[in-house]
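Engineer: Quick one, fold the following:
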Amino acid sequence: MAGAAATAIVGGGGALLGLGVQAEHLNLARDGNRLPATFSKGGTAALVLATGLSSPSRRSSGLFKQEGLRRRNGGHRSTADSSFQKSLQLRASATAVPAVTAKPAEPWQGAALKPLAASLLIGVVLWYIPAPTGVAKNAWQLLAIFLATIVGIITQPLPLGAVALMGLGACVLTRTLTFAAAFSAFGDPIPWLIALAFFFARGFIKTGLGNRVAYQFVALFGKTSLGLGYSLVFSEALLAPAIPSVSARAGGIFLPLVKALCLACGSNVGDGTEEKLGAWLMLTCFQTSVISSAMFLTGMAANPLSVNLAAGAIGQTIGWTDWAVAALVPGMVSLLVVPLFLYLIYPPTIKSSPDAPKLAKERLEKMGPMTKNEIIMGVTLVGTVGLWIFGGVLKVDAVTSAILGLSVLLITGVVTWKECLAESVAWDTLTWFAALIAMAGYLNKYGLIAWFSQTVVKVVGGLGLSWQLSFGILVLLYFYSHYFFASGAAHIGAMFTAFLSVATALGTPPLFGALVLSFLSNLMGGITHYGIGSAPVFYGANYVPLSKWWGYGFIVSVVNIIIWLGLGGIWWKMLGLL
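Structural biologist: Just a heads-up that it's a prediction; the model follows:
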């Protein structure tokens with residue numbers, strides 16, 4: 001009997017040894033993610049075979065022997081037998097093959113297919129529509145690609161930069177534009193000035209100077225959001241006659257400040273707090289930047305072009321004072337009305353904060369004196385603004401001034417190049433804005449804009465209307481055709497002379513017509529996110545969705561037209577222009 005028991009134990013030990021080897025092999029294979037087929041499919045059979053329990057007869061024989069041993073030990077299992085059973089259970093659990101669970105399907109990370117299909121459909125349909133008489137085939141094809149790109153930018157099947165890059169690719173692929181022509185606007189200074197503005201904003205916020213200035217503004221004007229907005233609006237208007245680049249004013253000075261104010265008030269991008277303050281403030285500062293540009297001859301870089309073209313068309317010169325006086329009343333009214341109007345139709349959720357000035361003063365005290373990096377940032381910013389103001393005398397343009405300023409920040413370590421590379425919004429904006437400038441520029445070079453201007457002139461001139469109605473139609477067509485332009489200078493150069501000449505021929509007072517078209521050449525920049533240099537700056541902050549940006553842009557454009565042509569008309573009559 002003892003021999004039988006010993007045999008059972010030895011047999012069990014052999015089986016256990018075999019099981020241990022197999023289990024160890026299984027564990028190694030499983031840990032290495034290279035499980036053999038015998039264990040991935042037939043693991044249970046292999047386990048049974050290894051323990052000597054591969055058939056019913058063996059299972060029965062083994063159970064009977066164990067039962068006999070248990071009876072001989074007074075109904076209790078032997079220690080060896082019990083240990084064996086425990087070891088067997090442990091080894092068996094170690095060899096259990098986990099259930100293979102199917103990996104969840106990865107979410108689609110490509111383009112939104114419906115918006116992509118819509119933009120492609122518009123481009124393809126327009127491509128195959130025969131070009132009107134007087135329009136070159138390549139001009140019509142470029143228009144098809146341009147409109148498809150604009151629809152893609154509005155519906156956003158992909159990020160804006162990707163959509164614009166695909167548009168340029170389509171131009172090159174179809175040989176509508178050469179590669180050099182398609183990417184020519186990447187050498188234009190305006191997109192680079194806008195990108196550099198984002199780098200300045202990074203340093204402004206990173207050093208803490210942005211917070212310091214923002215708290216100062218809140219301490220002075222922060223009892224209400226509306227008061228805070230007006231303080232920024234009139235600060236920008238005061239700088240407008242001194243800094244002729246609206247891109248420089250918006251991007252280099254006010255974007256960093258507005259972003260710092262938003263962050264200080266707890267209004268951030270991407271966490272659902274955009275409408276606490278940031279959305280209204282960004283849209284307000286943008287829409288009023290086009291008004292301040294319209295108020296002064298030196299408020300936008302393209303304004304002198306309007307003056308030169310007007311002198312050639314009507315033989316009269318518009319002086320700096322003539323421009324400022326004519327724009328004073330409608331401009332001031334627009335600066336007062338537009339922020340309040342946006343406050344009513346697109347209000348911030350934070351409307352009043354009586355304790356904000358006190359809190360801002362406490363934060364300023366906690367910040368202590370200015371740090372070394374804040375001082376460097378402040379001096380660099382003041383120096384850059386000084387070059388923007390006196391750049392004409394020193395023969396240093398705005399983008400060169402900005403590059404010099406950024407160079408100082410990089411050399412001193414206030415901003416690092418790695419941080420500039422990480423500023424993805426800057427590079428995205430540079431890409432899509434340059435792409436639109438290139439396509440819009442070649443629409444003009446290919447003669448499409450000239451054809452459009454001549455067609456409008458013939459149609460309006462042939463209606464036989466009074467000069468007032470004819471001029472009203474011309475003004476609206478001139479204004480809203482800006483959807484096809486990514487540059488005020490390009491629009492002025494392409495259409496100003498033709499429209500002014502026809503308006504004058506139909507009886508419009510020459511100086512009045514020239515001034516109105518000059519003012520509108522600034523105000524029309526507010527209808528899109530690419531129509532004027534300040535547009536991509538403020539839109540790029542990502543506080544306002546594109547659909548709302550365009551929607552409110554159109555609404556505000558109507559308000560501005562009513563103010564400038566209605567109230568402005570009364571003022572101009574008082575000045576003797578009518």
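Engineer: isn't residue 252 right next to residue 402, touching?
Structural biologist: Yes. The pair residue 252 and residue 402 qualifies as a contact (C-beta atoms under 8 Å) at a distance of 6.5 Å. (Glycine included, C-beta is placed from N, CA and C.)
Engineer: what's the overlap in contacts for the two?
Structural biologist: Taking C-beta atoms under 8 Å, 6 or more residues apart in numbering as the criterion, residue 252 and residue 402 both touch 196-197, 200, 384.
Engineer: can you give me the mean pLDDT across the helix or strand harbouring residue 325?
Structural biologist: Element membership for residue 325 (DSSP states H and E) is helix 320-345. Regarding helix 320-345, the rounded mean pLDDT is 95.
Engineer: so what secondary structure elements neighbour it?
Structural biologist: Here helix 320-345 touches helix 225-239, helix 278-295, helix 510-523, helix 546-562, helix 568-574, going by 3 or more C-beta pairs under 8 Å, 6 or more residues apart in numbering; DSSP states H and E.
Engineer: Single out the most deeply packed of the ones you listed.
Structural biologist: Greatest average neighbour count among these goes to helix 278-295 (a mean of 28), per mean count of other C-beta atoms under 10 Å.
Engineer: Return the member of the helices and strands packed on helix 320-345 having the minimum mean pLDDT.
Structural biologist: helix 225-239 (a mean of 88).
Engineer: after that one comes which helix or strand?
Structural biologist: Following helix 225-239 toward the C-terminus (DSSP H and E): helix 246-247.
Engineer: what sits against residue 376?
Structural biologist: Going by C-beta under 8 Å, 6+ apart, residue 376 touches 207, 408-409, 412, 414.
Engineer: Quick check: the farthest pair among those residues?
Structural biologist: Comparing every pair within those by C-beta to C-beta identifies 207 and 408 as the most remote, at 12.9 Å.
Engineer: quick one, which of these two is more surrounded?
Structural biologist: A count of neighbours by other C-beta atoms under 10 Å puts residue 207 above the other of residue 207 and residue 408, at 22 against 18.
Engineer: That one contacts residue 372, correct?
Structural biologist: No. Between residue 207 and residue 372 there is no contact, the gap being 9.2 Å when judged by C-beta under 8 Å.
Engineer: Spell out which helix or strand contains residue 124, please.
Structural biologist: Going by DSSP H and E, residue 124 is part of helix 113-128.
Engineer: Beyond that helix, next helix or strand please.
Structural biologist: Once helix 113-128 ends, the next helix or strand along the chain (criterion: DSSP H and E) is helix 137-155.
Engineer: Report all helices and strands that that following helix contacts.
Structural biologist: Using 3+ C-beta pairs under 8 Å, 6+ apart as the test, helix 137-155 ends up in contact with helix 113-128, helix 160-173, helix 424-445, helix 448-461, helix 546-562.
Engineer: Between those helices, which one is closest to residue 320.
Structural biologist: helix 546-562 (22.2 Å).
Engineer: Could you list the alpha-carbon positions for that closest one in CSV?
Structural biologist: Only the C-alpha atoms of helix 546-562 are listed here, as CSV (Å, rounded to 0.1, in the frame of the first residue of the first chain):
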residue,chain,number,x,y,z
LEU,A,546,-15.7,80.8,-38.0
SER,A,547,-19.4,80.7,-38.7
LYS,A,548,-20.1,83.3,-36.0
TRP,A,549,-17.1,85.4,-37.2
TRP,A,550,-18.6,85.6,-40.7
GLY,A,551,-22.2,86.0,-39.5
TYR,A,552,-21.4,88.8,-37.1
GLY,A,553,-19.0,90.4,-39.6
PHE,A,554,-21.9,90.7,-42.1
ILE,A,555,-24.3,92.2,-39.5
VAL,A,556,-21.7,94.7,-38.3
SER,A,557,-20.9,95.6,-41.9
VAL,A,558,-24.6,96.6,-42.4
VAL,A,559,-24.5,98.7,-39.2
ASN,A,560,-21.3,100.5,-40.4
ILE,A,561,-22.7,101.2,-43.8
ILE,A,562,-25.9,102.7,-42.3
